Structure formats: structure tokens, C-alpha cells
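Engineer: Sequence plus the predicted model coming up.
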Amino acid sequence: MMNNTNTKNMSSLDHNEDCQYQNTNINTNNSVYEENQENNAKCKIYNLNRFMSLDLPKAGMILDPIITEGSLSMLHAYRGVGKSFFAMSLALAVANGGKFLRWKAPHPSKVLYVDGEMPANCLQERFQKVTGKSMVDENVDYTENLELFAADMQTFSTIDVGNKKMQEEISRIIQEKGIKLLILDNLSTLTTIDELDAASWGIIQSWLISLRKRGVAVLIIHHSGKRGRQRGISKREDILDLVINLKNKAKSEKGDDEDEVMFNGKCQVMFEKNRNLSKKQISNFGVELLDMDNGFVSWVDTYATVIDLKEQGYSCREIEAITGISKSRVSEIYRMAN
């Protein structure tokens with residue numbers, strides 16, 4: 001007979017509720033199988049009538065509408081396009097309850113940013129660029145909601161999220177800090193597994209699913225491959241709710257060879273996979289990474305910004321002064337829109 005357990009607690013991880021596979025024909029070399037055997041948990045089966053009557057909690061919004069509690073997402077782009085600046089800006093919006101491009105965080109949420117690539121001083125300089133604040137000003141309040149786990153600041157050589165002990169350590173940090181969004185920047189520097197080996201990806205996939213059950217959202221930053229899709233096996237997209245390609249127009253026009261053309265700052269936010277959003281919510285849009293006069297770096301929703309200011313009666317020169325987008329670029333965008 002079915003147990004009337006309070007379903008609002010179903011999203012939390014309880015080792016006593018993990019699945020124990022009784023079928024002896026299952027391959028017991030699988031590490032997930034062995035772990036569940038040790039936990040001595042039993043499978044939970046629901047008939048459809050019972051399942052549809054469950055009062056399952058709705059996932060809370062973290063960055064409306066693209067990131068919800070427990071969602072698994074990927075952002076990929078070519079080298080030099082600015083995907084880390086993109087991820088940092090998104091992280092700050094979530095941590096501060098702010099806005100980034102067309103997305104809004106309804107409230108501040110705790111973020112853990114895991115960086116496996118940059119020297120610590122470069123990471124600090126990049127956050128200075130996206131915040132526009134001096135790193136030596138002790139009176140500046142950045143945010144306590146954004147936690148940094150940088151490989152360059154550790155005593156060990158690298159952060160490998162394909163390693164079970166490292167997964168446990170990151171999960172511990174998530175639990176202790178109350179993290180709602182985990183950002184992994186980037187996949188190739190945060191794991192030693194072969195990008196073309198589907199079996200090895202299962203180790204990371206199982207961990208991501210466990211985080212999803214706890215309501216922790218994950219955003220994976222990754223490289224685009226030669227043909228413009230995320231680099232490596234397509235299997236890793238299977239469990240993802242959202243895949244965004246930050247596509248550089250110049251590279252795309254030249255056949256997606258990432259070494260052919262220098263980055264010119266003009267990109268498309270392209271939704272390659274979407275599990276939960278409406279067509280209106282996933283329309284592709286143009287963005288540019290702008291270097292401002294004060295050293296500040298900003299991703300700008302190019303078309304929306306220019307059209308909005310034009311409709312308010314601003315001249316091309318005034319829009320250049322406000323946004324940093326050149327007068328010629330403003331004219332080009334306005335012509336394309338009309």
C-alpha cells in the first residue's frame with residue numbers, strides 16, 4: 001500500500017530513499033548501482049492516478065524565465081567571445097536580485113562560481129570589469145551572495161568535478177552556504193574526462209541529477225566545437241533543460257572556424273534546447289560586449305536598447321554617449337529594425 005508521505009519533502013536528498021535495483025540482470029559494475037545497494041533503498045512506484053494527485057512543489061524562479069530551482073543548463077561559445085564575462089554578469093544579477101539582458105532575478109539568491117581556468121588575479125580583474133568597482137576600495141560592498149571557488153587559490157593542482165571526492169566537497173559547500181545556483185566555468189578545465197567518452201560523462205551526470213533533486217540549479221560553461229554546437233558528445237545535453245549558444249556572427253559567417261576571425265563583439269543569444277519555456281520566451285536576440293570608457297565591461301541587449309532609445313527620441317550621438325554603441329552601429333541597427 002502506498003505511503004502518504006508529505007510530498008513537499010520529496011525534493012530533498014534522503015539516502016534512505018535512493019533506488020535499490022533488485023533485478024540481478026542489471027550491470028552491477030555501475031557505481032550508482034553499487035552506491036544505492038549500500039544505502040539499501042527501495043524503488044518507489046506510483047500508478048498514474050496517484051502520481052497526478054500528488055501536491056508536488058513548483059520550482060522557484062532564480063532568473064526569470066530561464067533558470068529555475070533544480071534546472072540544468074549549458075552556455076557554450078567559441079574562445080574569446082566573452083562567455084566568462086557573460087557568466088559573471090549573470091551570476092551577479094542572480095546574487096543581487098538584479099537584471100541581466102532580458103532576464104530578471106525576482107530576489108537575491110546564493111551563487112557558487114567555480115572557476116577552473118584563470119589565475120586568481122585575472123579572475124579578480126574580470127569581476128572588477130563587470131562590477132565597475134575598484135578591488136582596493138575597502139568601503140565597496142560587492143555581494144556576500146556570490147561565493148568563489150577558484151582553482152588557482154587551492155593547495156591542490158586542479159578542480160575535477162568528475163572526481164567523487166570533489167563532488168562531495170562541492171556538495172558540502174552548497175549545503176553549508178545555502179547555494180541555489182552553481183556555475184561551472186568551464187567544463188574542459190574542471191574535469192579530466194575524455195570529452196568524447198559517453199560512459200565517463202555518466203559520473204558527472206549522476207552528480208548533476210543529485211543536485212537537481214536538492215533544488216540546486218546548475219549552469220555549465222563550455223566551448224563550442226568546429227561546427228558551432230557544444231564541443232564533445234551530444235549525450236551530455238540529454239539531461240539539460242536549456243542549452244544557449246552565444247554565437248559570434250563573424251565566426252558563423254566564416255564557417256564556424258574559431259581561429260579564422262577575431263571577435264568583433266556582435267553575437268546572437270541562440271536557444272538550442274529548451275524544455276520548459278514558451279516560443280515567445282526563447283526568441284533569439286542580438287547582444288554585444290562593450291568596453292566602456294571607465295574600464296567597465298558590459299553585455300548589452302543591442303537591438304532592444306537602441307530601438308527603445310530611438311523611440312524615446314534620442315539621436316544616434318546621444319545613444320552612443322549613453323550606451324557606448326558607436327553612432328554608425330546605432331544607425332545600422334535602426335535601419336535593420338525598420
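Structural biologist: Received the coordinates, thanks.
Engineer: Identify each buried residue in the lengthiest helix in the chain, please.
Structural biologist: When the chain is parsed with DSSP state H, its longest helix is helix 198-213. Across helix 198-213, burial judged by 16 or more other Cβ atoms under 10 Å covers 200-208, 211-212. The C-beta positions use only the backbone N, C-alpha and C, and glycine is treated the same way.
Engineer: in the protein, which residue is closest to the centre?
Structural biologist: By Cα atoms, centre = their mean, the chain has its centre lying nearest to Leu219, at 2.3 Å.
Engineer: and it, that's in a strand?
Structural biologist: Yes - secondary structure of Leu219 (DSSP: H, G, I helix; E, B strand; the rest coil): part of a strand.
Engineer: ok, it - contacts?
Structural biologist: Contact partners of Leu219, counting by Cβ atoms under 8 Å, 6 or more residues apart in numbering, are 67, 73-75, 87, 90, 181-184.
Engineer: go with 6 Å
Structural biologist: By Cβ atoms under 6 Å, 6 or more residues apart in numbering, Leu219 lies in contact with 73, 183.
Engineer: For it, name its beta-bridge partners.
Structural biologist: Per DSSP bridges, the residues bridged to Leu219 are Ser73, Ile183.
Engineer: okay, it: pLDDT?
Structural biologist: pLDDT recorded at Leu219 is 98.
Engineer: With the one 4 residues further on instead?
Structural biologist: pLDDT for His223: 92.
Engineer: For stretch 54-64, which outside residues touch it?
Structural biologist: Contacts of stretch 54-64 (Cβ under 6 Å, 6+ apart): 7-8, 68-70, 94, 103-106, 109, 180-181, 217.
Engineer: ditto for stretch 144-153
Structural biologist: Taking Cβ under 6 Å, 6+ apart as the rule, stretch 144-153 contacts 91, 95, 108, 110-116, 119-120, 123, 158-159, 177.
Engineer: closest to Val306 among those residues?
Structural biologist: For these, the closest approach to Val306 (Cβ to Cβ) belongs to Ala91, at 26.1 Å.
Engineer: which regions of the stretch 151-300 of the chain lie under the pLDDT threshold?
Structural biologist: By pLDDT under 70, the low-scoring segments of the stretch 151-300 of the chain are 249-265, 293.
Engineer: try it again with 80
Structural biologist: Within the stretch 151-300 of the chain, the ranges that satisfy pLDDT under 80 run 249-266, 278-283, 292-295.
Engineer: those strands in the stretch 201-338 of the chain, which residues are they?
Structural biologist: Taking DSSP state E, counting those that start in this stretch to define them, one finds strands in the stretch 201-338 of the chain at 217-223, 242-248, 266-274, 285-291, 297-301.
Engineer: Turn those strands into TSV, columns for distance to Leu309.
Structural biologist: Listed next are the strands of the stretch 201-338 of the chain as TSV, based on distance: least, Cβ to Cβ, whole Å:
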stretch	distance to Leu309
strand 217-223	30
strand 242-248	24
strand 266-274	18
strand 285-291	14
strand 297-301	11
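Engineer: Return the backbone torsion pair for the residue nearest to Ala150 when sequence neighbours are not counted.
Structural biologist: Distance criterion Cβ to Cβ, 6 or more residues apart in numbering; nearest residue to Ala150, sequence neighbours excluded, is Asp115 at 4.8 Å. Here is the backbone geometry of Asp115 (degrees, to the nearest 10): phi -110, psi 130.
Engineer: cool, the one 4 residues further on as well?
Structural biologist: Here is the backbone geometry of Pro119 (degrees, to the nearest 10): phi -60, psi 150.
Engineer: neighbours around it, how many?
Structural biologist: Neighbourhood size, Pro119 [other Cβ atoms under 10 Å]: 13.
Engineer: Could you report the distance from the residue lying closest to it once chain neighbours are set aside to Thr158?
Structural biologist: Closest residue in space to Pro119, ignoring its immediate chain neighbours: Asp152 at 5.2 Å, by Cβ to Cβ, 6+ apart. As defined by Cβ to Cβ, to the nearest Å, Asp152 lies at a distance of 10 Å from Thr158.
Engineer: With Asp55 instead?
Structural biologist: With Cβ to Cβ as the criterion, Asp55 and Thr158 are 44 Å apart.
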